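Colleague: would you be able to build a 3D model of this:
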Amino acid sequence: MKKIIVVVILSGLAVSALSAAKNVQPGAKPDDTATMSKKDKNAWVDELVKKLRSTDLWVRVEAIKKLGELEDPKAVPSLRQALNDESVDINVEALRALKKIGDVDSLKLLQRGTILYDMQSLRFYALDGAMHINPDKTKQFLLNNLKSDDKNIRNHATECIGHMVTLTNKVDKESVAELVTSLKSEKEKNQQEKIVETLNAITGANLPSAEPKEWDEWWDKNNKTMPEVAKPKEVSTDKTPAESTPEEKTKLEEKKKAEEKFDEFKDKTILAKKDDDKDKAYFAGRSEEGKKLTMAAFADNDTRPLKLVEDALNWLHRHQEKEGFWSYNGYGKHCPPNQGDDINTIKDEYDVAVTGLAVLSFLGAGHTHMPGQKAGLQPGGKYKPTVERGLKWLLSIQRADGSFDNPMRKGQKTNMFEQAMATLAISEAYGMTGDASLKDPAQRAVSFISKSKNPGKGWRYTPNCGDNDTSLVGWQVFAVKSAKVSGLNTERDDFADASQWLDDMTDMETAQVGYNKKASGSTTITSIGIICRMLLGWRSDSPLLQKGADLVIADASFMGNPQNFYHIYQTALAMFQMGGRHWTEWNRQMTDFLAGTAVGEGCEHGSWPATDEKWSKSRVYTTALGALSLEVYYRYLPFAR
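Modeller: Now for the predicted structure:
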């Protein structure tokens, strides 16, 4: 369990109350709260509850996490109220906190959440909490709702019965029998398919048919011999402390201390924020102190990533056009004669996309177009003009409706890949600095994304085209989420629809995510599914995400020919949030590969070659994605761990 950090610099009541507490010291752990006086604990809870009124989304999120760690019933009314918040992150953390507290009076509320929430992540964590409080009553609640007149409720009840098996690792024969029975009376095709998918996942029968007769026969034959344990528990391959060498024990202890220091920094920085602070808490890791602490906690003090990022930013800085953009296929003119680039192999025009990615790589390292002293960000410095020119160019090509007009492209001007990348850049620049001149352009950009969605579904290359794919959906989720945490207005339906798209594309048994057909995608698409689900409320404790991460880690083809920087970027985001063994293995693969392939001399020093790249043979593209991948330690907080 994570530490609870009592932040003595907080304002108001808690400052005097907590600083006077005799038994509470900075660094107190949840296990130590029993020694706190009731008065001191009440004061801490009161101060955290006050933080739930913050205008900064991530201050509210962290406050709810701390309330859950305190496990104080006094927080229950505030946590219940947080379930009505329009932010999925607030909802999820409130559900997880209610589970930790184990409030019996919240059982019915959690049970209703299993069938009424608009996103599967919320339904899963409502179920987790309800099962923790009373598994028998929760099971009966779900079985009763298989008979509901509302097809959505029947669908959600079926889904949660499947999750119930995952959470308990037991096959409940009564639930299987009720599902087989419900299949007989079900008229809705989608619900029939859901029942069959759930039955197959629970029983391993692998019957593709939705014919009730086949399932009746299968159940009659197998119900007496079907094992009660769903699957054998996986045995961890990690060494226990007793099995570790003295050197390994020392390293583990150092890592633990580094993570604790980062937690202290995070709590101090975020929970001390005030509403008039212009920079948003979500980007706290990008400060110089944040980078130092995150590299110690999550990179084992490996110095290569910071050096590689700085070299990459230097190359991008030297190859920026005077107008402020980065040329997708014309950057070679900035190189001395005979030291040109691989531009002859490049045919497409994506100047908006690579400009968005380049600006994001500077922002990810803490460089903005203006001072950000409150967040400890770089006060301008040598890259201030670079970021400023990039942002100005993006603003110069933005239409009144919020879309971005690629001046180099003929025909259809707005590409939703480019829209997302440009929106991300402007939204994050606004979130990091609070620059009022960026608020309206960023708001119009994210609103255009929302208006461009196919009703009830997602996005593809062009606005409102009636088609969708997971890669495009992923980029829009990234953009809308960054806008949300930056304080802009977003539509809840955009998150709910993206969540439903991922549900439709994911094989719940194998965890493989499809591109535009269920389970049809590469491991890159599965990585996109993982990080998107986390942005949509799932956390790394999800068995589904863990299974998906296993698929991704087993695939090292991104290092071959062709190389795949798109895979590197998406997987870095996903595995960092997964943490644990998935992150450890990925971080080693990624860092070794990027350190071994970066150019170390000449005009191309700091960049990554694009001649062997799978999707986009532009050195600006590979270099920006390489830098962003190596910024993963501090670019976003480890919110899903």
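Colleague: what's the pLDDT at Lys457?
Modeller: Note on Lys457: pLDDT of 86.
Colleague: quick one: low-confidence residue ranges for this protein.
Modeller: 1-36, 229-243, 338-345, 347, 371-381, 411-412 (pLDDT under 70).
Colleague: of all the residues in the top helix by length along it, which ones are buried?
Modeller: When the chain is parsed with DSSP state H, its longest helix is helix 246-271. Buried residues in helix 246-271, counted by 16 or more other Cβ atoms under 10 Å: 255, 258-260, 262-271. For the C-beta atoms, the positions are set from N, CA and C on the backbone; glycine is no exception.
Colleague: redo the residues you listed as a markdown table? Include distance to Ser209.
Modeller: Output for these, formatted as a markdown table (distance: Cβ to Cβ, whole Å):
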| residue | distance to Ser209 |
| --- | --- |
| Lys255 | 51 |
| Ala258 | 54 |
| Glu259 | 50 |
| Glu260 | 54 |
| Phe262 | 52 |
| Asp263 | 51 |
| Glu264 | 56 |
| Phe265 | 56 |
| Lys266 | 51 |
| Asp267 | 53 |
| Lys268 | 58 |
| Thr269 | 56 |
| Ile270 | 52 |
| Leu271 | 54 |
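Colleague: mind picking the two most distant members of these?
Modeller: Maximum pairwise distance in the buried residues of helix 246-271, criterion Cβ to Cβ, is 24.0 Å, between Lys255 and Leu271.
Colleague: rewinding a little: packing partners for the longest helix of the chain?
Modeller: helix 57-70, helix 288-298 (3 or more Cβ pairs under 8 Å, 6 or more residues apart in numbering; DSSP states H and E).
Colleague: beyond the shortest one, next helix or strand please.
Modeller: Taking DSSP states H and E as the definition, the helix or strand that follows helix 288-298 towards the C-terminus is helix 304-318.
Colleague: which of the residues in that following helix are buried?
Modeller: Buried residues in helix 304-318, counting neighbours by 16+ other Cβ under 10 Å, are found at Pro305, Leu306, Leu308, Val309, Asp311, Ala312, Leu313, Trp315, Leu316, His317.
Colleague: quick one: stretch 454-469 to chain centroid distance?
Modeller: Taking Cα atoms, centre = their mean, to the nearest Å, one finds stretch 454-469 lying 22 Å from the centre of the chain it belongs to.
Colleague: in that stretch, what's buried?
Modeller: Within stretch 454-469, the residues that count as buried by 16+ other Cβ under 10 Å are Asn454, Lys457, Gly458, Trp459, Arg460, Thr462, Pro463, Asn468, Asp469.
Colleague: again, but for stretch 97-113
Modeller: Ala97, Leu98, Lys99, Lys100, Ile101, Asp103, Ser106, Leu107, Leu109, Leu110, Gln111, Gly113.
Colleague: same check on stretch 283-296?
Modeller: Of all the residues in stretch 283-296, those buried under the rule 16+ other Cβ under 10 Å are Phe283, Ala284, Gly285, Arg286, Ser287, Gly290, Lys291, Lys292, Leu293, Thr294, Met295, Ala296.
Colleague: output whichever strand or helix holds Ile528 as PDB - backbone C-alpha positions only.
Modeller: Taking DSSP H and E as the criterion, Ile528 maps to helix 523-535. Taking Å, rounded to 0.1, in the frame of the first residue of the first chain, the C-alpha atoms of helix 523-535 are listed here in PDB:
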ATOM      1  CA  THR A 523       0.200  -6.000 -30.600                       C
ATOM      2  CA  THR A 524       0.600  -2.300 -31.300                       C
ATOM      3  CA  ILE A 525      -3.200  -2.000 -31.400                       C
ATOM      4  CA  THR A 526      -3.400  -4.000 -28.200                       C
ATOM      5  CA  SER A 527      -1.000  -1.500 -26.600                       C
ATOM      6  CA  ILE A 528      -3.300   1.300 -27.800                       C
ATOM      7  CA  GLY A 529      -6.200  -0.500 -26.300                       C
ATOM      8  CA  ILE A 530      -4.400  -0.800 -23.000                       C
ATOM      9  CA  ILE A 531      -3.400   2.800 -22.600                       C
ATOM     10  CA  CYS A 532      -6.800   4.000 -23.900                       C
ATOM     11  CA  ARG A 533      -8.600   1.800 -21.400                       C
ATOM     12  CA  MET A 534      -6.500   3.300 -18.600                       C
ATOM     13  CA  LEU A 535      -7.400   6.800 -19.800                       C
END
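Colleague: mind giving me the packing neighbours of that helix?
Modeller: Judged by 3+ Cβ pairs under 8 Å, 6+ apart, helix 523-535 is in contact with helix 470-485, helix 492-505, helix 543-553, helix 565-578.
Colleague: can you list the residues that contact the second one?
Modeller: When contacts are defined by Cβ atoms under 8 Å, 6 or more residues apart in numbering, helix 492-505 is touched by residues 86, 88, 118-121, 449-450, 453, 456-458, 468, 470, 473, 476-477, 480-481, 513-521, 529, 532-533, 536-537.
Colleague: pull out the buried members of these.
Modeller: Neighbour counting by 16+ other Cβ under 10 Å classes 88, 118-121, 449-450, 453, 457-458, 468, 470, 473, 476-477, 480-481, 513-516, 518-519, 521, 529, 532-533, 536-537 among the contacts of helix 492-505 as buried.
Colleague: need the contact partners of the helix or strand where Ile115 lies.
Modeller: Element membership for Ile115 (DSSP H and E) is helix 107-116. Contact with helix 107-116 is made by 80, 83, 95, 98, 122-123, 126-127, 129-130, 133-134, 137-138, 141-142, 145, 148, 153, 156-157, 160, as judged by Cβ under 8 Å, 6+ apart.
Colleague: got it, and stretch 576-590?
Modeller: By Cβ under 8 Å, 6+ apart, stretch 576-590 touches 237-238, 298-299, 530-531, 534, 540, 545-546, 549-550, 552-553, 556, 559, 568, 571-572, 575, 629-630, 632-633, 636, 638-641.
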